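Visitor: Attaching a predicted model along with its sequence, questions to come.
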Amino acid sequence: MIMEKKPRYLIDGIYTADPRAHVYNGKLYIFPSHDIISGIPENDLGDHFDMRDFHVYSLDDPDNGLATDHGVALDIKDVPWAGRQMWSNDVAEKDGKYYMYFPVKDKQDIFHLGIAIADQPEGPYLSLPEPMKGSFSIDPSVYKEDDGSQYIYWGGIWGGQLQRWQTGEYDPNGSEPADDQPAICAKVARLSDNMLDYAETPKDVVILDPKGKPLTAGDHNRRFFEAPWMFKREGKYYFTYSTGNTHLLCYAIGDNPYGPFTYAGVILTPVVGWTTHHSIVEFKGKWYLFHHDSRPSGGRTWLRSMKIVEIEFREDGSIITVDGMAE
């Protein structure tokens, strides 16, 4: 079954992608990446995604109108340790402070996670002078539990370099496991009270098939690739993610923030463009999927535009699939 509701675009004027949405101060805030024309040839390692700053958006009515652009919240030139490629970020709140977690390559071309802090969701954000200790790879997102504890999820293979960290140390020649071996997992860790460190050793986010076996690396229609995002609904934890090269948004369900999670289905079918990256949030009793496609740029995969659509759940908690090509 495919949902009949159609996604709509949220802004015009610039290209934005990878939208992470949260409700802060009674308003929806969106933290996307900012696509630019870099002049770098397209390749599987994503060098053509050479983003250099972050804008912050707010949205009063998710069903109507465009989002408000609050301008540049953080620029790569203001991150002391950064080299290039400032990719998808997320912003968490604690005690009236806002913490932006973002991936960027250091001057040795290795991805780490940075942290920048602001007094309001819009920013401006001030970057810490060093990356988060022990961090690696891309696509951070933060989930806040009912008791106030906060968990950071992250990871992406291929250009996201997660496959290069399988031994715990960086291996520039690291590759995906064989097709019949367990797939590479996203990572999760509870954040420290000051929001600046891992409070524990990071753990694998294991996705199981319906028979209870870990998904394999060759299962490209279901295995994790990038863009982890967690939300909770009616006591169940939904781990959502992109399959990357098969262009699906999928989800798996578990009983706690660490998992394991059992694969449950497809949220979004392929869109125009290569990547699919998203967030899901509840606002005023409705659930919304934020994602992107490349239709406005004529299909140029590195020039994307963020979108929104209301999503619906069946009585058993499963998500009704959204048609990525609907317009």
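Guide: That came through fine.
Visitor: Report the contact partners of the residue nearest to residue 191 when sequence neighbours are not counted.
Guide: Of all residues beyond its chain neighbours, the one nearest residue 191 is residue 150 (4.6 Å), with distances taken as C-beta to C-beta, 6 or more residues apart in numbering. Glycine gets a C-beta too; all of them are placed from N, C-alpha and C. Contact analysis of residue 150 by C-beta atoms under 8 Å, 6 or more residues apart in numbering lists 92, 94, 142, 143, 144, 190, 191, 195.
Visitor: Make JSON lines out of those residues and add secondary structure, pLDDT and distance to residue 170.
Guide: Compiled in JSON lines, those are given as follows (DSSP: H, G, I helix; E, B strand; the rest coil; pLDDT from 0 to 100; distance: C-beta to C-beta, whole Å):
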{"residue": "92", "secondary structure": "strand", "pLDDT": "98", "distance to residue 170": "26"}
{"residue": "94", "secondary structure": "strand", "pLDDT": "98", "distance to residue 170": "30"}
{"residue": "142", "secondary structure": "strand", "pLDDT": "98", "distance to residue 170": "24"}
{"residue": "143", "secondary structure": "strand", "pLDDT": "98", "distance to residue 170": "26"}
{"residue": "144", "secondary structure": "strand", "pLDDT": "98", "distance to residue 170": "30"}
{"residue": "190", "secondary structure": "strand", "pLDDT": "98", "distance to residue 170": "24"}
{"residue": "191", "secondary structure": "strand", "pLDDT": "98", "distance to residue 170": "23"}
{"residue": "195", "secondary structure": "coil", "pLDDT": "98", "distance to residue 170": "25"}
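Visitor: re the thing from before, what does the residue nearest to residue 191 show for phi and psi?
Guide: When quoted as degrees, to the nearest 10, the phi and psi of residue 150 stand at phi -130, psi 140.
Visitor: Quick check: bridge partners of it?
Guide: Per DSSP bridges, residues listed as beta-bridge partners of residue 150: residue 144.
Visitor: Okay, it and residue 50: tell me how far apart.
Guide: Computed as C-beta to C-beta, to the nearest Å, the residue 150 to residue 50 distance reads 30 Å.
Visitor: And for residue 16?
Guide: Taking C-beta to C-beta, one finds residue 16 at 15 Å from residue 50.
Visitor: More neighbours: those two, which one.
Guide: residue 16 (26 against 18; other C-beta atoms under 10 Å).
Visitor: In terms of helix, strand or coil, where does the more buried one fall?
Guide: Here residue 16 takes the strand state, with states given by DSSP: H, G, I helix; E, B strand; the rest coil.
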